[in-house]
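In: Quick one, fold the following:
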Amino acid sequence: SAGAALVAGVLRARNTSALREGAGGAAAEQARDVDPVARAMQMLEPLTWYWWGERYKYPPTPLAAPGAKRTPTAPKPQLRKAQRAYERAIDLLPTFAAARFELGNVLREKGRLLLAMDEFKTAQALDPYNYMYSNNLGHVQLNVGHAADAEINFKAALALHARGAAPAVQTNAKAGAMENLARALEAQGKHDEALPLYRQVARIGVPSQQQSVAPRIIALEGKEKILPADAAQEALDRASQKKEPLTQDELKDIKRFSAKKFAQQVFGRRDG
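Out: Predicted coordinates for the structure are as follows:
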């Protein structure tokens, strides 16, 4: 590419200049390592490939024409091209954590969860203070059945949120981290730890998050009622055999409630 040729040409010129001035090979290499201009040029090509990956993965929606009645449809991501671009950026700069993270996202969308998990792990190792790296790693681990590992990473994401490392997103990032952790705990049968987190999400989350945790709260509250230490064995057997803790009528009721009415029903709140 033109960018690659430019970078290669500049670096060759700088290397030749250093050698003509009498510097040995090791000295020239050291000069490049500490020279901010050379370092910036070395970063140019992987950054360019990363930028192309972003364009393919997150294509911009075209602007609506003046007077148009409909907003233009967002173009579909080109996952194959995005994957190649991110892989090229990583080939040029193996420590490029953001490129590894985005490659993991592409692989996850393509259903290649184990490969995605490897990329998220590498990104997290390169930058352990990035909220999204721990969060997305936990998601993949939960999806492949590694709930205990997911719990560790969701706890790390929650801790990073407390340090202000969470991104500014539309949904409540703290509530999202709590819900993720609760789901990992529930998957391990730790219902007594998951339920308080779900309840807190319903208190502080946005409406979509409140609706998301509503079935889990009702299900776990039901399990609490039928699973006390002195419960009859017959009740325990019925609970273990019931695959879906919510009936269709209960699900319809949840959908019928607004987020505010749901909060009043479950928590007795009146502040919404």
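In: rest of the way, CA atoms for contacts and neighbours
Out: Noted.
In: Now for Lys57: which residues touch it?
Out: Taking C-alpha atoms under 8 Å, 6 or more residues apart in numbering as the contact definition, Lys57 lies against 77-79, 82, 106.
In: Find me the pLDDT at it, would you?
Out: For Lys57, the model assigns a pLDDT of 86.
In: what phi and what psi does the backbone show at it?
Out: Reported as degrees, to the nearest 10, the phi and psi values for Lys57 are phi -80, psi -40.
In: Leaving out chain neighbours, which residue sits closest to it?
Out: Closest residue in space to Lys57, ignoring its immediate chain neighbours: Pro77 at 4.8 Å, by C-alpha to C-alpha, 6 or more residues apart in numbering.
In: Surely that neighbour touches Tyr58?
Out: Yes: if you go by C-alpha atoms under 8 Å, Pro77 and Tyr58 touch, sitting 6.0 Å apart.
In: what about the helix or strand containing Lys121, average pLDDT?
Out: Element membership for Lys121, per DSSP states H and E: helix 113-126. Computed over helix 113-126, the mean pLDDT rounds to 96.
In: Where does the prediction get shaky in the stretch 1-150 of the chain?
Out: For the stretch 1-150 of the chain, the stretches with pLDDT under 70 are 1-41, 63-65, 67-69, 71-72.
In: For the helix holding Lys121, enumerate the helices and strands it packs against.
Out: helix 97-109, helix 131-143 (3 or more C-alpha pairs under 8 Å, 6 or more residues apart in numbering; DSSP states H and E).
In: Save those as TSV, and put in distance to Pro196 too.
Out: Compiled in TSV, the helices and strands packed on helix 113-126 are given as follows (distance: least, C-alpha to C-alpha, whole Å):
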stretch	distance to Pro196
helix 97-109	30
helix 131-143	20
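In: I'd like those helices laid out as TSV, including mean neighbour count and distance to Leu195.
Out: Output for the helices and strands packed on helix 113-126, formatted as TSV (neighbours: other C-alpha atoms under 10 Å; distance: least, C-alpha to C-alpha, whole Å):
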stretch	mean neighbour count	distance to Leu195
helix 97-109	23	28
helix 131-143	24	18
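In: among these, which is nearest Gln210?
Out: With C-alpha to C-alpha as the measure, helix 131-143 is the member of the helices and strands packed on helix 113-126 nearest Gln210 (19.2 Å).
In: contact partners of the closest one?
Out: Against helix 131-143 from outside (C-alpha under 8 Å, 6+ apart): 101, 108, 113-114, 116-117, 120-121, 123-124, 128, 147, 149-154, 156-158, 160-161, 165-167, 177, 180, 184.
In: Just the buried residues of those.
Out: When the contacts of helix 131-143 are checked for burial by 16 or more other C-alpha atoms under 10 Å, the buried set is 101, 108, 113, 116-117, 120-121, 123-124, 128, 147, 150-151, 153-154, 156-158, 160-161, 166, 177, 180, 184.
In: quick one on the thing from earlier: check the secondary structure at the residue nearest to Lys57 for me.
Out: Classification of Pro77 by DSSP: H, G, I helix; E, B strand; the rest coil places it in coil.
In: Could you count how many residues lie near Leu197?
Out: Leu197 has 22 neighbours, counted by other C-alpha atoms under 10 Å.
In: The host helix or strand of it: which residues count as buried?
Out: Following DSSP H and E, the helix or strand that holds Leu197 is helix 191-204. Judged by neighbour count using 16+ other C-alpha under 10 Å, the buried positions of helix 191-204 are 191, 194-195, 197-199, 201-203.
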